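Asks: Quick one, structure for this:
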Amino acid sequence: MVSTTLPEAAAPSIVERRQPRALWTLFRTEMWERFSYYGMRALLVLYLVKAGGYTREDALQVYAVYTGLVYLTPLVGGYIADRLLGFRKAILVGGTVMLFGNAAMTVPALMHLALGLLIVGNGFFKPNISSLVGRQYGEKDPRRDAGFTYFYMGINLGAGLAPVVAGYLRVHWGWNWGFGAAAVGMAFGLWQFTVGQKRLGTTGLPPGREGSDRLLPRDWLHVALLSLAAIPLVYAALGLWQVAGPAWALVPWQAKVALPIAGVAWILFSAQRAGGRQDFERVLAIIVLGLFNVFFWMGFEQAGGTMNLFADKLTDRVVFGWEIPAEFFQSINPIAILSLGPVLSAIWTRMDRTPRAPSSPTKMGIGMIILGLGFVILALAQQRADRFGLISPLWLTGVYVVHTIGELCISPVGLSMVTKVAPTRMVGLMMGVWFGSFSIGNYLAGTLESMLTESKFPLYQFLVGSSIGPGLVLLAMVPLLKRWMHGHA
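Replies: Numbers count the residues shown, from 1 in each chain. A predicted model of the protein is given here:
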């Protein structure tokens, strides 16, 4: 048998392996911001059902609208950062608005206002900190994917700690203490970013002033004005819980289809006009991968909705006489990422230096198939629960671990891919587009169960097909997508 083993690339030097110092500032900032987000996320559906008087369906609908809008506003925040604020000031604006939103969550009467503030603040924060990570690397820097995996580990360090802290405080002190912990986390994140900005040099400053080493007074005026401008967006978000459903139902289906198509067409036209066919194809590749990303997050975000309720209602949570809070199960995913992330980062770094390196679309297709395998386990667990009642927590633990492996193949790789493939002047906007695909997936995650109720099609069996099927299609499209990415795959 002829050996197909390829010679190993020369081992990288210590300097080549070392990540930029600024990465660790952004790592800590994102860690605390995600502590804030995932602490609130772990509590939201349970709070609505147990303390807010919401039905299961209504609670999942609120979760769908919130998580959908949280990832839709980055389209606006990314565009504004590209054109006016720059990444750094957008992060400060977003973090400040989210701090107020988390604080408002401690007052039950202000819940909708709080959710609106969190939605708007995330729009400024989320796409721009990821874009700023990408700016720490040169165009062909082989450390980029590994750097984004480390960054993703920071996300999950915060996400792993948050449900445990929030759940413990909820059980022993009440809901307000759990939500208050999220506000404290956001405050730490803002502090980390403020004191660590010197490591960023001039990257992420406003467009046209990259050479400036400090933020000017007029820049702070922009921050203040944009913070005030966010108020109408907050009130618009508040109205969604009362009017969006009935109003959206009255919109003709042709308009529902035409609106996103028009947005995509405008983005592609802008890329074609400014950079020609190559930029057009690079942007098109990101948009196509974003469509597949929708299917991934439609499945993965069951974690905060139906899987959270599965842990609460169908899982035997009593261990040695102690009842595990349902929120604790949401820590399994980030803890697994912290364990497996360095392993996968080392694998990507080693493979990316050889001719055997899998492209970003290949990694993402594999991730979608792995997600589907997790739902195979969950479908079996659901059947067992229907027959025997409460089931072992090992079932849900296994699902979270399998989903984690899939997530590591798609999420940090996707963030890195956008910063590599997007034309330089469109990085913030395209990161917003990428998070827009999260928005659609998250919204579908919260509404899918009710949509399938009439057909009586089991939710988790459906998700097996909606994960593995698109994953196989994506793998078949890899050669085409690599051509469109023009050497940045």
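Asks: Could you list the low-pLDDT ranges of the stretch 1-150 of the chain?
Replies: When residues are selected by pLDDT under 70, those of the stretch 1-150 of the chain lie in 1-17.
Asks: how about 90 then?
Replies: Applying pLDDT under 90 to the stretch 1-150 of the chain picks out residues 1-25, 38-90, 92-94, 96-97, 105-117, 119-150.
Asks: Which residue ranges of the stretch 1-150 of the chain form helices?
Replies: 14-17, 21-50, 56-70, 74-80, 87-104, 111-134, 144-172 (DSSP state H, counting those that start in this stretch).
Asks: among those helices, which is the most enclosed?
Replies: helix 111-134 (a mean of 27; mean count of other Cβ atoms under 10 Å). Yep, even glycine has a C-beta here, placed from its N, CA and C like the rest.
Asks: What is that one packed up against?
Replies: Applying 3 or more Cβ pairs under 8 Å, 6 or more residues apart in numbering; DSSP states H and E, we find helix 111-134 packed against helix 21-50, helix 56-70, helix 74-80, helix 87-104, helix 144-172, helix 217-239, helix 393-421, helix 427-453.
Asks: hmm, back to that, save the helices of the stretch 1-150 of the chain as a markdown table, and put in distance to Trp191 too.
Replies: Output for the helices of the stretch 1-150 of the chain, formatted as a markdown table (distance: least, Cβ to Cβ, whole Å):
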| stretch | distance to Trp191 |
| --- | --- |
| helix 14-17 | 30 |
| helix 21-50 | 8 |
| helix 56-70 | 23 |
| helix 74-80 | 21 |
| helix 87-104 | 10 |
| helix 111-134 | 15 |
| helix 144-172 | 14 |
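Asks: Arg356 is nearest to which of these?
Replies: helix 144-172 (14.5 Å; Cβ to Cβ).
Asks: what's in contact with the next helix or strand after that closest one?
Replies: Of the helices and strands lying after helix 144-172 in sequence (DSSP states H and E), the nearest is helix 175-196. For helix 175-196, contacts defined as Cβ atoms under 8 Å, 6 or more residues apart in numbering pick out 22, 25-26, 28-33, 35-37, 39-40, 43, 47, 51, 91-92, 95-96, 98-99, 102-103, 105-108, 158, 162, 165-167, 169-170.
Asks: circling back: if we compare the helices and strands packed on helix 111-134, which one ends up closest to Gln382?
Replies: Nearest of the helices and strands packed on helix 111-134 to Gln382, taken as Cβ to Cβ: helix 393-421 at 9.2 Å.
Asks: hang on, the earlier thing: nearest to Ile267, out of the helices of the stretch 1-150 of the chain?
Replies: With Cβ to Cβ as the criterion, Ile267 lies closest to helix 74-80 of the helices of the stretch 1-150 of the chain, at 9.9 Å.
Asks: Kindly spell out which helices and strands sit in contact with that closest one.
Replies: With contacts taken as 3+ Cβ pairs under 8 Å, 6+ apart, helix 74-80 sits against helix 87-104, helix 111-134, helix 427-453.
Asks: Helix 87-104 and the second one, what's the angle between them?
Replies: Helix 111-134 and helix 87-104 are oriented at 150 degrees to each other (axes from the mean of the first three to the mean of the last three Cα atoms, to 10 degrees).
Asks: tilt between helix 111-134 and helix 393-421?
Replies: Interaxial angle, helix 111-134 versus helix 393-421 (the same axes, to 10 degrees): 60 degrees.
Asks: Now find how far off-centre helix 111-134 is within its chain.
Replies: The chain centroid and the centroid of helix 111-134 are separated by 11 Å, computed with Cα atoms, centre = their mean, to the nearest Å.
Asks: Check the longest one too.
Replies: Using Cα atoms, centre = their mean, the distance from the centre of helix 427-453 to the centre of the chain it belongs to is 10 Å.
Asks: How about the first one?
Replies: Relative to the centre of its chain, helix 87-104 is centred 17 Å away, using Cα atoms, centre = their mean.
Asks: picking that back up, possible to save the helices and strands packed on helix 74-80 as JSON lines with distance to Ile391?
Replies: As requested, the helices and strands packed on helix 74-80 are exported to JSON lines (distance: least, Cβ to Cβ, whole Å):
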{"stretch": "helix 87-104", "distance to Ile391": "34"}
{"stretch": "helix 111-134", "distance to Ile391": "33"}
{"stretch": "helix 427-453", "distance to Ile391": "19"}
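Asks: Could you work out which of those helices reaches nearest to Pro206?
Replies: Among the helices and strands packed on helix 74-80, helix 87-104 comes nearest to Pro206, with 6.9 Å by Cβ to Cβ.
Asks: which helices and strands sit right next to that closest one?
Replies: Here helix 87-104 touches helix 21-50, helix 74-80, helix 111-134, helix 175-196, helix 217-239, going by 3+ Cβ pairs under 8 Å, 6+ apart.
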